[in-house]
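here are the coordinates; sequence isn't available:
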Ligand code: BGC
């Protein structure tokens, strides 16, 4: 755990330069706009430890699979989001000495990520080996107004010398992924073009043939006045740059403005991608850095209006929750249904930028409440578009008749994961995809999603489960054998309670959804039935399985069993494990982990979280009290579910304790892995802990409910959500809740079991005493 980020309500601040922390900071200070993103690498040369990272959404390379023992059904490749051309580079030379923070002495180093306005600032003073000292400040951002544009303002001030300053802004496409399986480079050059102060580089991905054109336009100023100097043009393999040489005097401020753009063949035809990039760069350069930055600040301010969480009385918590919200919006803006959310977003290579069940189980609730409805709808449509691939994926494993198995890890719909115990067995992911459809409709009331897209997905998923269960003569019930539940520390188990529950629920929901479509849109329904060759007998088969599904339980303890035989395991609680043995995934052999009772992440409890209305409080409590002490939370997705359940059980102290484990996970590098990238998807879980946990927000029968409490240390917290056309500000203090309706729409809401009508533009204020 580290503790070097300075607390501040709106900014993430690092003071002082510690090269050992650089890769962590590169992750934390990452920038993105949903279409592209980058780690907080330095503009100037840096020969110290760094993980260069610039990513363009949707642009991937199929990296040939590398496994020890091949199993039939493994994917041929892992589709990875590529490290793309570095457009931030600016080489700085003083006379003939290169500015490189790894080789000079650095003072006054400061990095600030301004979350309210969406930009990154850095400043430092460097003394080179020659004794020459200069001051540098830089500001950069990826525009959320024009998401193909990024901009940098980089100022160098010689402090104790007159001399020659060389600035070489460049675009470098000769980059690779550190996680490349065969140490290959994934890009080949298409063309380069340099003229005046503009430069363009078009690259093509090997195998997939995506093209990305990166362009830049440069301006140089001396003490704020434009400097009319002709740069030298530098062209190398996959590299274009402009070299500006200036005679400078001590105290003069030399500013270089680099306006850049990244256009991809996903959005432009290859034939005119260069011309389009030229046009985008020109238009952005005409606006100029200050206007672009101003627009960026306005656009971020508007986003915060819809999504902020304000915590009074705890600056560290305030900073953390805003950081999580900020990073989620930097990763996914919901404009494009071909894009999704990688667990590391644009902040690192790990997980290949691919989509996991994290999106449906954790991120959808966040976007539902904090962004326009289309944003979460697009996440759902992403899976709809990949239904054919999910059917193919299931067919590869021997399923037929339209059964769909969504991949564990994917970019284009094809499975990328290649460990049999996950690829073939962690099939609960299919259920999360169906659950997200249910969740979306529960929140928005938009049943049309079922007619247009959802029912087809639900039928494919139900068909998969129908074929994946088998009848047990011994049990006289249906069982699901050989699975991995969310708890990946158990593989190839029989009857994982969560998986069985979700499987039966998916079939039930598919039947229900079919009924909804039939009633509302009989013609569409008929067309769908024909398209899917869906027969009445299928519904009957599903109903029979639902009716006769086997669920492992222990009657004596009154708990659901994580899987058959779970209680045979030696039951030593996590609290009795010496600290030296943890995290067990680093300290223990895999075999020992598999035989242990330790749970990586919420599993039975994930099921109770999803379907809490089906269970009474005692049942939830018995299971929580049993499973929580056995859970090691070695997935960052875990504590939030425990936090929400603890809140549901009125265990306020523990709800807060679990929340703390994710809230500053990356800011404090809690798991010692922030240098690989941020835990973007678990950030949505932190948001859930606050809104679903502390505020107890639920949607039942189409209405919002709150059952709030205030975590001990805080003076108050408030948040903004959108719900069915309304925008609400909810504030919770120790003694009261207030809910302001910012729209004309009247809303029925329930607070602590009492119903209210919140008229348009009205404010509800109620003390807990009044509500008791
Ligand atoms: C978790 C999975 C998750 C994946 C990506 C794993 O460690 O166990 O549930 O989908 O990380 O976040």
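Structure received. Here the structure is a predicted model, which is why all the values come from computation and not from measurement.

Determine the number of other residues adjacent to residue 3.
Using other CB atoms under 10 Å, residue 3 has 10 neighbouring residues. The C-beta positions use only the backbone N, C-alpha and C, and glycine is treated the same way.

residue contacts, it?
The neighbours of residue 3, taking CB atoms under 8 Å, 6 or more residues apart in numbering as the test, are residue 668.

Quick one: classify it as helix, strand or coil.
State at residue 3, reduced to three classes by DSSP: H, G, I helix; E, B strand; the rest coil: coil.

distance of it from residue 20?
To residue 20, residue 3 is 14 Å away according to CB to CB, to the nearest Å.

and the residue of the stretch 451-600 of the chain nearest the ligand?
When distances are taken as CB to the nearest ligand atom, the stretch 451-600 of the chain approaches the ligand most closely through residue 488, which lies 4.7 Å from it.

Could I get the contacting residues of the residue lying closest to that residue once chain neighbours are set aside?
Beyond its immediate neighbours in the sequence, the residue positioned closest to residue 488 (CB to CB, 6 or more residues apart in numbering) is residue 600, lying 5.2 Å away. When contacts are counted by CB under 8 Å, 6+ apart, residue 600 touches 486, 487, 488, 489, 585, 631, 632, 633, 634, 635, 638.

So the fifth one is in contact with residue 601, correct?
Same thing as residue 585. No: checked against CB atoms under 8 Å, the pair residue 585 and residue 601 is beyond contact range at 11.4 Å.

Overlap in contacts, those two.
If you check residue 585 and residue 601 against CB under 8 Å, 6+ apart, the residues they both contact are residue 634.

got the residues of this protein near the ligand?
Contact residues of the chain with respect to the ligand, defined by CB under 6 Å from any ligand atom, are listed as 343, 351, 356, 357, 358, 486, 488, 600, 601, 635, 637, 681.

Same list (those) but as a markdown table, adding pLDDT and secondary structure.
Supplementary listing: the residues of the chain next to the ligand in a markdown table, determined by pLDDT from 0 to 100; DSSP: H, G, I helix; E, B strand; the rest coil:
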| residue | pLDDT | secondary structure |
| --- | --- | --- |
| 343 | 96 | coil |
| 351 | 89 | helix |
| 356 | 97 | coil |
| 357 | 98 | coil |
| 358 | 98 | helix |
| 486 | 98 | coil |
| 488 | 98 | coil |
| 600 | 98 | coil |
| 601 | 98 | coil |
| 635 | 95 | coil |
| 637 | 96 | coil |
| 681 | 97 | helix |
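
still on that earlier bit, list the residues that contact the residue of the stretch 451-600 of the chain closest to the ligand.
Here residue 488 is in contact with 421, 422, 426, 600, 601, 635 (CB under 8 Å, 6+ apart).

Adding distance to residue 125, write the residues you listed out as TSV.
Formatted as TSV, the entries for the contacts of residue 488 read as follows, by distance: CB to CB, whole Å:
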residue	distance to residue 125
421	53
422	49
426	51
600	46
601	45
635	42
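
about what we covered before: roughly how far apart are the residue of the stretch 451-600 of the chain closest to the ligand and residue 428?
Taking CB to CB as the measure, residue 488 falls 11 Å from residue 428.

picking up where we left off before, so among the contacts of residue 600, which ones count as buried?
Applying a neighbour-count criterion of 16 or more other CB atoms under 10 Å, the buried members of the contacts of residue 600 are 486, 487, 488, 489, 631, 632, 633, 634, 635, 638.

Which of the residues you listed sits closest to residue 309?
Using CB to CB, residue 638 is the member of those that sits closest to residue 309, with 21.2 Å.

can I assume the closest one is in contact with residue 630?
No: in this structure, residue 638 is not within contact of residue 630 by CB under 8 Å, at 11.9 Å.

joint contacts of those two?
Shared between the contact lists of residue 638 and residue 630 (criterion: CB under 8 Å, 6+ apart) there are no residues.

so what's the residue of the stretch 651-772 of the chain found nearest the ligand up against?
Closest residue of the stretch 651-772 of the chain to the ligand, CB to the nearest ligand atom: residue 681 (5.5 Å). With contact set as CB under 8 Å, 6+ apart, residue 681 has these partners: 341, 343, 356, 358, 359, 362, 363, 637.

Which two of the residues you listed have the greatest separation?
For the contacts of residue 681, the farthest-apart pair by CB to CB is 341 and 637; their separation is 12.8 Å.

Need the nearest residue in space to the residue of the stretch 551-700 of the chain found nearest the ligand, chain neighbours excluded.
Of all residues in the stretch 551-700 of the chain, residue 635 sits closest to the ligand, with a separation of 4.0 Å (CB to the nearest ligand atom). Closest residue to residue 635 in three dimensions, ignoring its sequence neighbours and counting by CB to CB, 6+ apart: residue 601, at 3.8 Å.

so what's the one you found up against?
Taking CB under 8 Å, 6+ apart, we find residue 601 in contact with 486, 487, 488, 631, 633, 634, 635, 637, 638, 641.

at 10 Å what do you get?
By CB atoms under 10 Å, 6 or more residues apart in numbering, the residues touching residue 601 are 485-489, 631-642, 682.

Can you pull the phi and psi angles for it?
Torsion angles at residue 601 (phi, psi; degrees, to the nearest 10) stand at phi -160, psi 160.

In the stretch 351-500 of the chain, which residue sits closest to the ligand?
Proximity to the ligand, evaluated over the stretch 351-500 of the chain using CB to the nearest ligand atom, is greatest for residue 356 at 3.9 Å.

Could you count how many residues lie near that residue?
Residue crowding around residue 356 was assessed by other CB under 10 Å; the count is 24.

residue contacts, it?
Residues near residue 356 by CB under 10 Å, 6+ apart: 340-343, 362-363, 407-410, 417, 426, 429, 432, 637, 681.
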